[in-house]
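In: Coordinates only, no sequence provided:
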């Protein structure tokens, strides 16, 4: 990349942006876009890129095509994928050995390689273009869409899609108060979980009287199975920076921190690079673009404690203290980092800011429901065909996300529940599939929006087991300050664990309910106040399953080890020896073509035989 | 001055006070455990919970850390408060059933049973000793380790701290008795691990639930009781 020149005025920046937009338009070469976020890299996209480069140079196409390495496109199921422009061909699950065919057939001869096309789980047809994939059809990708367009390590590429033009608009035409008004009017609410209106949050910090103020970008994404913030930081770091600079201008902060977890090395790398590029270009630093506005950004790396996503704990961590929440008030807007007024926004919230400035509050508030505006990114994971990041308008139903976008449950299994909002969220059953998704709706149903995790569970999932999983996470991640949260999560885990092992008593259910309620009521921060949700929501919608464990000592889904036995059905067993080979305990004996026998004494219920049997000859009781 | 409502009374208090201070001033009783007037408020034991706000937005907060606000509505004895408080006591009892302080609280608030498995940890992690050490004794020899269910109080790296001056402040203030070593004299000593060893704890102090580690330097545990000295004298004669 060329050395970036410092831009001194707003006019100059506008001209630079225009020149890069023109440059993008005049690009006539075919562009091969390869996704290489953390998820793509995990599935081998770096090897694909290397062999693609080799294939291109072998065919002597170096000057005739352009390879663009981008962040995550959101469709994890199809990673690594290559999109070929201008035809808009979507190749999925590309292997290094496929790249020579792509170069020789698709680029040179303009032929389509059928085996690399995506086969849609809903329509059962192969699809050529990205837009035709059902996964993308119902999405509204105002944030994630740009990930596929730009190289995250190049600020100029961001400029070429009109990046930083919202910043010039704000700095040249708008007073800080006007920016805040626009945010208030847009109805944007915090995407980190609690959903506090961003405009009002900014106003509080703006109005706080102090000599110095701070703005913090909360990138401490800790929910198991949620990765939308990572994807934004990796794939479009300048969008987040632009939002943060605008936010700093609005609240009057001259210094900012990005609190990101060290487990996100690629995100840290890309955002650090973005900061240094923006500094070189003069978008960060003193007297930005010739105005009186000064702003610097530091990166503060967290060690990955879940509780540090809570704003007061986050502040403590940035200050170098132990990440434990404290009582609010005083709110960070009054006394935050180093006891100065501090505004904290989530990554996704900040990524929305440039768009709202550019397109206006009305455009934004038209998307979504009455109380929740805009789009929300969910990470759709679990027992679902199309795993990935989905960005949908607020108000879309769970059913649309899971069945229309997600493509339903694999293996023709029955849908059982969907767990939203991360570990402190709740499980919603089939009856709630019609629920339109917004902050209030989810809370009323006993779950939360959270940061946007969405884990789909099928009929083979035991809800007691799910509760154990999340309680185990929470008892470990609670900071341990409040007795109610520390002991509450621990004791709930103990009780539910007992139930799963068949040691539960009927009065345990009542105790569990009482304890869950107290944990929710008596704890200081959001972690403790929502820590009971996994228990309360599963108790509310799947009480029968708990009762089956307690009264009948059975696990209807066949998951809880203590309550199940594996049996061989003699009529179905063909004597293929497969189960004998996989059994780690040598609990199964038998000869070829004779019915096998399972010794219950030796069986540790690992389920290996069940998985391997092709004749359904092993059943769980 | 700040005006607020406490248990339907209109009261006026100084700006900067906590709800607990205001309640004490007006004679409203709020039980506390991890609170001590000489130390900074912590809000960990959740015993001093009160309900603030009205309607669906009413919530429970720890009164020792919550500052008074103009127009705040505070109630100290709602059903919600009492139920949460009882559950807190039940949880504390399950951790430190031998603590006199916690037993007294249980009897006062009518907690008659512990439905959880007794863990006998003799520590409820209220943090009084940690604050005592750093704030009053300027020691900073002990602190919290780990988080969640693995949280515990200890010295750095679990070895005797150079900072510890063996003042005994931590033992003095502990409500759960894990730390309180009263040596051979006291009949009611809870720990008494040092008594059950032969030879004395000097050789075994690693296993002792005694913060002094260098047992013997404080001397409490190995100082002989007058009776015992007399006994020894008798036998030697």
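Out: Received, thanks. Because the structure is predicted, anything quoted here is derived from the model rather than measured.
In: for stretch A:552-568, which positions count as buried?
Out: Of the residues in stretch A:552-568, A:555-561, A:563-564, A:566, A:568 count as buried by neighbour count, 16 or more other CB atoms under 10 Å in any protein chain shown. Backbone N, C-alpha and C define where each C-beta goes, glycine included.
In: For chain B, give me its nearest residue in the stretch 351-500 of chain A.
Out: Residue of the stretch 351-500 of chain A nearest chain B, by CB to the nearest CB: residue A:480 (3.5 Å).
In: since we're on that residue, how many residues are nearby?
Out: 26 (other CB atoms under 10 Å in any protein chain shown).
In: what about it, helix or strand, and which?
Out: Here residue A:480 is covered by no helix or strand, with elements defined by DSSP states H and E.
In: could you measure the closest residue in space to it that isn't next to it in sequence against residue A:280, distance?
Out: Counting by CB to CB, 6 or more residues apart in numbering or on different chains, residue A:480 lies nearest to residue B:151, which is 3.5 Å off, once chain neighbours are set aside. Residue B:151 sits 45 Å away from residue A:280, going by CB to CB, to the nearest Å.
In: returning to that earlier point: tell me the contacts of the residue of the stretch 351-500 of chain A closest to chain B?
Out: By CB atoms under 8 Å, 6 or more residues apart in numbering or on different chains, the contact set of residue A:480 is A:486, B:125, B:144, B:146-151.
In: can you rerun that using 10 Å?
Out: A:307, A:324, A:486-487, A:489-490, B:44, B:125, B:144-152 (CB atoms under 10 Å, 6 or more residues apart in numbering or on different chains).
In: mind listing which of those are in helices?
Out: Secondary structure defined by DSSP state H assigns A:486-487, A:489-490 of those to helices.
In: Restricting to the residues you listed, which residues neighbour chain B?
Out: For chain B, the contacts drawn from the ones in helices among the contacts of residue A:480 by CB under 10 Å from any CB of the partner chain are A:486-487, A:489-490.
In: most surrounded residue in these?
Out: In terms of neighbours by other CB under 10 Å, those top out with residue A:489 at 32 neighbours.
In: My guess is that residue contacts residue A:531. True?
Out: Yes. Using CB atoms under 10 Å, residue A:489 is in contact with residue A:531, at 5.3 Å.
In: Common neighbours of the two, please.
Out: With CB under 10 Å, 6+ apart, residue A:489 and residue A:531 have common neighbours A:470-471, A:473-475, A:477-478, A:516, A:519, A:523.
In: How much space separates the residue of chain B found nearest chain A from residue B:127?
Out: The nearest approach of chain B to chain A comes at residue B:151, 3.5 Å away (CB to the nearest CB). According to CB to CB, residue B:151 stands 10 Å off from residue B:127.
In: neighbour-wise, which of these two wins?
Out: The neighbour comparison of residue B:151 against residue B:127 (other CB under 10 Å) goes to residue B:127, with 19 against 16.
In: Tell me if I'm right that the more buried one and residue B:175 touch.
Out: No. In this structure, residue B:127 is not within contact of residue B:175 by CB under 10 Å, at 11.0 Å.
In: Quickly list what's touching both of these two.
Out: The overlap between the contact sets of residue B:127 and residue B:175 (CB under 10 Å, 6+ apart) consists of B:34, B:45.
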